[in-house]
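Visitor: Sequence plus the predicted model coming up.
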Amino acid sequence: MMKKLLPIFIILMLAASCGKKSEVKLSVHPQHPAIGEKLTISWQKPVYGFLWIQEFYGDPPVYRKIAILPIKGEKSYTVTPEDSTYLVLFALEDTATKTFYPAKEWNYVVFKENGKLSVRAYFALLSNGIVSPDSIPSELKNSCLLAQFYAKENPENLLNSNDQECLLGGFLASYVAVHDSNFAAKFYEKLKGPGKTFAELIQTSMNPYGEIRRSQEAADRFWEIYQNAPGARGMVRSFKLFRWFVTRYFMPPERFDQYCSYINSLRHLTMYDFYVLEDKAVWPQVDTSRLSFILAKEKEIVDDTLNIRWDYAFKLRAPSDFDRIRTATVNDYLKNLTRLYLAKEDYEKAYTTIKKFVGYKDLFTLWDEDLLLYGEAALEASHLEEAEKALTIARYFHQDTSATNLLKKVWKKKHTGMTFAKYMASLKDTLKTWLPKAPSFNVRTLDGKTFVLDSLRGKVVVLNFWATWCSPCRREIPELNKLVDKYGNRVVFIGITDEDSARVVKFLKKQPFKYHIVVNGKDVRKLYHVNAFPTHFMISQSGYIVFKQVGYIPGTAKRLEAEIEKLLK
């Protein structure tokens, strides 16, 4: 019997091993090259795809150069860095298996300056969230350039220094970490050259608490610095916040031609170049001329294999998240292209474009604004059943009253024979038969409680997906706490964040949040198709999702309360 089974066992083992992805291991030589020295990145088998490389160079430590290199079966690549490069980030993409190596985060190489690991490299790694302060080599933690990541009070000891790196570290510690603009000004006065430029760009674009300055005066001043200050152009084109903020200068309508010239002057484009003016071209109504220019430029990103990778690399997100973010980028482009076609009254193109976005998605996973756009395009192209369903979900699932006027147009076109009030009542009843089952989860809260959704039947459950860094999330916490005070005995309130316990516990000491808090909740977030914070869900006693809201809307607590009251009747 054993002899008969053995060959089958071997065949099964071979089949299993063939189905596994072979891990690609990367190595770097030398591990810590000296400034200006070449380094070689190697992997043990041929790969077809792309090698993503980012070099950080110069002073202050914000300049970077991005390269997306096609790999066609090679097993190594030698980087010839800039003379002042102190840090290299890299990732290897195997397009055949849709896999990145390393699997999650960027791999990095820290160069040595004068025989010691570069402090500037760790400044860049910390500033971009690639490493945590705890992971910094102990001998570098007292470096003045890194003061902002450890400072609890103004670094008065640095004021007597004449070293520009120490003065910049002191400025950032006072301004960013301690939030003391007056003390930071003392460092600013002593700064010179590019270091002073960087400090001025920081304080012009945001206040000491990290909030973006919204005035046109700030944007105008930022543009003046960009044009004239030493090193400013390279900083603005390398630093995410600056790249976005500089476009605020072009918000006045009379500056759009100047904006076009600015965009055409850029060697590489990123979506950060378009966010501000794109919103202006779409809201409150579509400006077809401006939106046409912006979408033509965005098309150069979304339609090009290398350009869309360059854009993603610029964002400094984890490489492994590339496919998801690329899909989101393309979808945003398609939605704005739909708005352009609607404004031009090219309704069939509007409909076919939005269908590329909607595809076979569950409509209940879409945002209300996406449902409205889909509904309008389908309505104008006379796809009335599709329009009706999308708009019904927007109106009665998301409680978005702006769907009502579009539904009135559907009602008129369908000639139902009933009054509009009865038509709307019938849609509301029909929605109840469409409601999705809430995906089950099993979570443990910060205070040690376990919640299994299936065991909560008979109770109303309210979910809030949030983050400590999300200012709209923070803004709504006090009103959400009042809901817990009122309904905490009859409703289960659960707040879910991707973040770890250390960060959340620190936040909760300053801002109590009375929901049951779940950390490291990325898996649950994905289960509920959440891509923006805050997002709220309400789950009925029978386990169906009856309400969803994406984003902060004034009066959120009142909307939640109204839905809770309906369910508790």
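Guide: Perfect, thanks for sending it. Residues are numbered from 1 along each chain as shown.

Visitor: Show residues contacting stretch 418-432.
Guide: Applying C-beta atoms under 8 Å, 6 or more residues apart in numbering, the contact partners of stretch 418-432 are 388, 392-393, 395-397, 404, 407-408, 411, 416. C-beta coordinates here come from the backbone N, C-alpha and C atoms, glycine included.

Visitor: looking just at contacts, which helices and strands does the helix or strand hosting L407 meet?
Guide: Using DSSP states H and E, L407 sits in helix 403-414. Applying 3 or more C-beta pairs under 8 Å, 6 or more residues apart in numbering; DSSP states H and E, one finds that helix 403-414 makes contact with helix 368-380, helix 384-396, helix 420-434.

Visitor: how far is that helix from where the chain is centred?
Guide: Here helix 403-414 is found 35 Å from its chain centre; the criterion is C-alpha atoms, centre = their mean, to the nearest Å.

Visitor: Okay, angle between it and helix 420-434 too, please.
Guide: Helix 403-414 runs at 100 degrees relative to helix 420-434, counting by axes from the mean of the first three to the mean of the last three C-alpha atoms, to 10 degrees.

Visitor: Check the model's average confidence along stretch 488-502 for me.
Guide: Throughout stretch 488-502, pLDDT has a mean value of 95.

Visitor: Can you get me the start-to-end distance on it?
Guide: The separation between the terminal residues of stretch 488-502, taken as C-alpha to C-alpha, to the nearest Å, is 26 Å.

Visitor: Quick check: phi and psi on M251?
Guide: With angles defined as degrees, to the nearest 10, M251 sits at phi -60, psi -40.

Visitor: Who are the contact partners of it?
Guide: Contacts of M251 (C-beta under 8 Å, 6+ apart): 216, 219, 276-277, 280.

Visitor: Flag whichever of these scores worst on pLDDT.
Guide: K280 (94).

Visitor: quick check, that one in a helix?
Guide: Yes. Assigned with DSSP: H, G, I helix; E, B strand; the rest coil, K280 falls within a helix.

Visitor: Tally up the residues packed near it, please.
Guide: Around K280 there are 19 other residues, counting by other C-beta atoms under 10 Å.

Visitor: Looks like it contacts R290 (just checking).
Guide: Yes. Contact between K280 and R290 holds when scored by C-beta atoms under 8 Å: they sit 7.4 Å apart.

Visitor: Pick out whichever of the contacts of M251 sits closest to E499.
Guide: V276 (27.7 Å; C-beta to C-beta).

Visitor: Give me the helices and strands touching the helix or strand containing that closest one, please.
Guide: Using DSSP H and E, V276 sits in helix 275-282. With contacts taken as 3+ C-beta pairs under 8 Å, 6+ apart, helix 275-282 sits against helix 288-302, helix 322-343.

Visitor: looking at these, which is closest to T247?
Guide: helix 288-302 (10.7 Å).

Visitor: what's the average pLDDT for the closest one?
Guide: Per-residue scores along helix 288-302 average to 98.

Visitor: Just the residues contacting it, thanks.
Guide: So helix 288-302 is contacted by 256, 260, 263, 269-271, 273-274, 277-278, 280-282, 307-308, 311, 329-330, 333, 336-337, 339-340, 343-344 (C-beta under 8 Å, 6+ apart).

Visitor: Helix or strand next in line after it, which one?
Guide: Past helix 288-302, the next helix or strand by DSSP H and E is helix 305-315.

Visitor: Just want the angle from that following helix to helix 322-343.
Guide: Using the same axes, to 10 degrees: helix 305-315 against helix 322-343 is 110 degrees.

Visitor: Please shift the residue numbers so they start at 44 in all later answers.
Guide: Noted, 44 is the first residue going forward, which turns the last one into helix 348-358.

Visitor: Can you check what angle separates helix 348-358 from helix 331-345?
Guide: Using the same axes, to 10 degrees: helix 348-358 against helix 331-345 is 100 degrees.
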